[in-house]
Structure formats: structure tokens, C-alpha cells
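**Student:** My questions are about this predicted structure, shown below with the sequence.
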Amino acid sequence: MPPFDTPRPDSSDAWDRRKIELRETLWQLLGDLPPRPVPDVTVRWREERDGYTLEHFTFDNGVGDTVYGYVLIPAGHRRPLPAILYHHYHGNRYAQGKQEVLTRAFAHWPGGLGLITGEELARAGYVVMCIDAYGFGQRMTQGPAGEREKGVATETSLFKTFLWQGRTLWGMIVRDDLLALDYLTTRPEVDPQRIAAMGMSMGSTRTWWAAALDERIRVAVSVACLTRYQDLIATGNVAAHGIYYYVPGMLQQQIDTESVVGLIAPRPHLTLTGDSDTGSPAEGVRTINAFGQHVYRLYNKADHFRGLLYEGVGHVYTPAMWQETLRWLGRFL
């Protein structure tokens, strides 16, 4: 397939028209996804912790699969608060899933963040919600083989089974994330006009897809996994991502990552990527960020997009990236 450049729009009106077409095409490429039901949520338990209350909840996603999640509610709140739809990473850490917000999940990476992200955000005054994606956490055996498979085997079997059903695994993951967003907007502690999405690695990709498809997400922070597909192929690093990641027909429709990320405009979006991250080739990151900067300027919102490429940094969430994250959330949320 010959390479292509994404045409740059010449006005915000032109991009608004293109947004409608793009979103419709992306939904089609994600597959024949079932309609999203109104989440019927059960709170399994609730406990008071240092600076926040932790709730464990579940809901049925409308295809017979139970979604498991946490919500962290800042202590002493007296009015609706800003909220974060937090997406956990992959990293083959299938047992971790949503536990990312309650553990030092990045400390094992050289130069990685040593703090507990979910707790820090809750203590800073944000309601934080995180669910297990298919194959992770309490959903490790939620595949066609049940308890006989878990983790990567569950993920692979779901990928194949969903294709038979005319769906994609990625589409079903994003669908669950938007179901979580549906629930988050109804929480009495939450100001539905101040909801952000954020995540690192797979969590980053979940973030920019969800924000691209649903404008209720007002702010986005994407750490790593800002992957331009054509550059990933050109550098021979297609295997750098798990099977969950791939959506058929994207390049055939001449849609690369800059088009998806551009759908977030003009809502504030921060991207933080290491230039030595093999899963996000640096030249592709530059292309995506340059496209974002162009589109945001069309809306006279140049300051609502910030794309940083860190020299000598690999696939990791660093303390410097965390400080950028906090500044962005503090400014826009």
C-alpha cells in the first residue's frame, strides 16, 4: 500500500465537516458493536482510605460480560468535582488491570514514576474511575474458554471470536470505556462538564480513541503510544504492540493516527512521548503533533494542544511527564 499524507484542513469549518465523516468511518471500522445499555451498576464494597473513599463496582456491558471497576472519591468534598476516566496500561501485566490506580505501577521501569497515580489524583481533588479492560484484572478469564485460559490466551481468543461476530476487540474495549464514561457522568460527586481521560501505553491509546469519539471528555492526556501506523510499518516495529491494538481498514481508508487525534480538537490534549519508544516511532510522533498544532491553530486554540517528545526516553512514564500531566489537568480541568 503506497504511503499517504493526511491532508491538512484549511479552516475549522472544514475540519468540523471532516470530523463527522471520520467518526462515522471509525465506528464502522470498529465493527458491528452492540448498542450501549444504560449501566446497571452494583457497588460491591466501599471503604474509607487516607484522603479518599474507594468503591468497587460492577456492571453488565450488555453482551453478558461483567465489567469491574474502581472509583476513588476525594475526602471532604462538598460540591461536584472534576473527574478522570483513567485507562490502565497493558505491558503484559494482565493481573494488574485497574489495580494500576492503587499500586506503584510504573516503578519497575527504569526512570519510571514511583508514586501511586490514582491515590495522588484523588488526594488532589479529582474523582478517579478505572475499569478492567477485556483480559485484565478480574476479567483475565472472561473469554470463550473461561477458566481454562487467562491473560494473553483470553485476549487472543477474544480477538478471534469477536472477528467472527463482525466486531473487533479494540472496538469492544473502547465500548466498555464509554460505558464507564456513561456511568461516571451520573455520579453525584462529579461535574459532568469537567471530565478528563488519561492513560499510559494502552491507556494512552484508549484515551485518544475515547476522546476522539466522545466529546463529553473535555481534556485528554496521552502518555506514550502515540503511534503513527505508517511509521510503525516503515520502521519494522509492528510487533511492538499487542494484537488488541489493530483495527482493520484504517490505512485502506487513508486514516492514520493524526486523523483520530485531530478529532479531539479543540478540546485540550497533552501528548507525552519518548523519542526512543520503539512502539511510537519519533518521526511519526512529530507528524501527529504537527498535525495537531495545525488543527488547533485553526480554532484559535493553539495553547490547547501540547505535544512533547523527550530525548533519550523510551516507553516509560517519568516524573517529568507526571508533572506535565498535573499542570495540564490543573489548568484545563
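**Tutor:** Perfect, thanks for sending it.
**Student:** What ranges does the protein have for its strands?
**Tutor:** Applying DSSP state E to the chain gives strands spanning 42-49, 52-60, 66-74, 81-87, 127-131, 190-200, 219-223, 269-274, 305-310.
**Student:** Just the helices from the stretch 101-250 of the chain, written as ranges.
**Tutor:** 117-123, 152-164, 169-184, 202-213, 229-234 (DSSP state H, counting those that start in this stretch).
**Student:** how distant is the third one from the center of its chain?
**Tutor:** Right, helix 169-184. In terms of C-alpha atoms, centre = their mean, to the nearest Å, the centre of helix 169-184 is found 10 Å from the chain centre.
**Student:** Between strand 190-200 and that helix, find me the angle.
**Tutor:** Helix 169-184 runs at 150 degrees relative to strand 190-200, counting by axes from the mean of the first three to the mean of the last three C-alpha atoms, to 10 degrees.
**Student:** in stretch 12-29, what's buried?
**Tutor:** S12, W15, R18, K19, L22, R23, L26, L29 (16 or more other C-beta atoms under 10 Å). All C-beta atoms are positioned from the backbone trio N, CA, C, and that covers glycine.
**Student:** now swap in stretch 286-303 and tell me
**Tutor:** R286, T287, I288, N289, F291, G292, H294, V295, Y296, L298, Y299.
**Student:** Might one say that the third one is in contact with S259?
**Tutor:** No: assessed by C-beta atoms under 8 Å, I288 is found out of contact with S259, at 9.5 Å.
**Student:** ok so, going back, out of the buried residues of stretch 12-29, list just those in helices.
**Tutor:** S12, W15, R18, K19, L22, R23, L26, L29 (DSSP state H).
**Student:** I'd like those as CSV, with distance to I195 appended.
**Tutor:** Output for these, formatted as CSV (distance: C-beta to C-beta, whole Å):
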residue, distance to I195
S12, 23
W15, 23
R18, 25
K19, 19
L22, 22
R23, 19
L26, 21
L29, 25
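**Student:** just to revisit the earlier point, rebuild the strands of the chain as JSON lines, extending it with mean neighbour count.
**Tutor:** Shown next, in JSON lines, are the strands of the chain (neighbours: other C-beta atoms under 10 Å):
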{"stretch": "strand 42-49", "mean neighbour count": "10"}
{"stretch": "strand 52-60", "mean neighbour count": "18"}
{"stretch": "strand 66-74", "mean neighbour count": "22"}
{"stretch": "strand 81-87", "mean neighbour count": "27"}
{"stretch": "strand 127-131", "mean neighbour count": "27"}
{"stretch": "strand 190-200", "mean neighbour count": "23"}
{"stretch": "strand 219-223", "mean neighbour count": "27"}
{"stretch": "strand 269-274", "mean neighbour count": "26"}
{"stretch": "strand 305-310", "mean neighbour count": "19"}
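**Student:** would you list those strands in TSV and tack on mean pLDDT and distance to Q230?
**Tutor:** Output for these, formatted as TSV (pLDDT from 0 to 100; distance: least, C-beta to C-beta, whole Å):
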stretch	mean pLDDT	distance to Q230
strand 42-49	97	44
strand 52-60	98	38
strand 66-74	98	34
strand 81-87	98	24
strand 127-131	98	31
strand 190-200	98	23
strand 219-223	98	19
strand 269-274	98	16
strand 305-310	98	18
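**Student:** T6: which of these is closest?
**Tutor:** strand 305-310 (15.5 Å; C-beta to C-beta).
**Student:** Now tell me what touches the closest one from outside.
**Tutor:** 226, 265, 268-275, 282, 285-286, 288-289, 292-293, 295-296, 318, 320-321, 324, 328 (C-beta atoms under 8 Å, 6 or more residues apart in numbering).
**Student:** Name every strand pairing with it and say which way it goes.
**Tutor:** Strand 305-310 sits in its sheet next to strand 269-274 (parallel), going by DSSP bridges.
**Student:** what's the angle from the strand it pairs with to strand 219-223?
**Tutor:** 10 degrees.
**Student:** Restricting to C-alpha, output strand 269-274 in PDB.
**Tutor:** Extracted in PDB, the C-alpha atoms of strand 269-274 (Å, rounded to 0.1, in the frame of the first residue of the first chain):
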ATOM      1  CA  HIS A 269      -4.900  17.500  24.600                       C
ATOM      2  CA  LEU A 270      -1.400  16.800  26.000                       C
ATOM      3  CA  THR A 271       0.800  14.200  24.400                       C
ATOM      4  CA  LEU A 272       4.000  13.000  26.200                       C
ATOM      5  CA  THR A 273       6.300  10.500  24.300                       C
ATOM      6  CA  GLY A 274       9.800   9.300  24.500                       C
END
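**Student:** now the angle from that strand to helix 202-213?
**Tutor:** 150 degrees.
**Student:** Any idea how far strand 269-274 is from the middle of the chain?
**Tutor:** 13 Å.
**Student:** swap in stretch 176-191?
**Tutor:** 15 Å.
**Student:** Tell me which residues are up against it.
**Tutor:** 36-39, 41, 57, 59, 61-62, 67, 69, 71, 73, 77, 80-83, 85, 87, 127, 129, 131, 133-134, 192, 195, 197, 206, 210, 213-214, 216-217.
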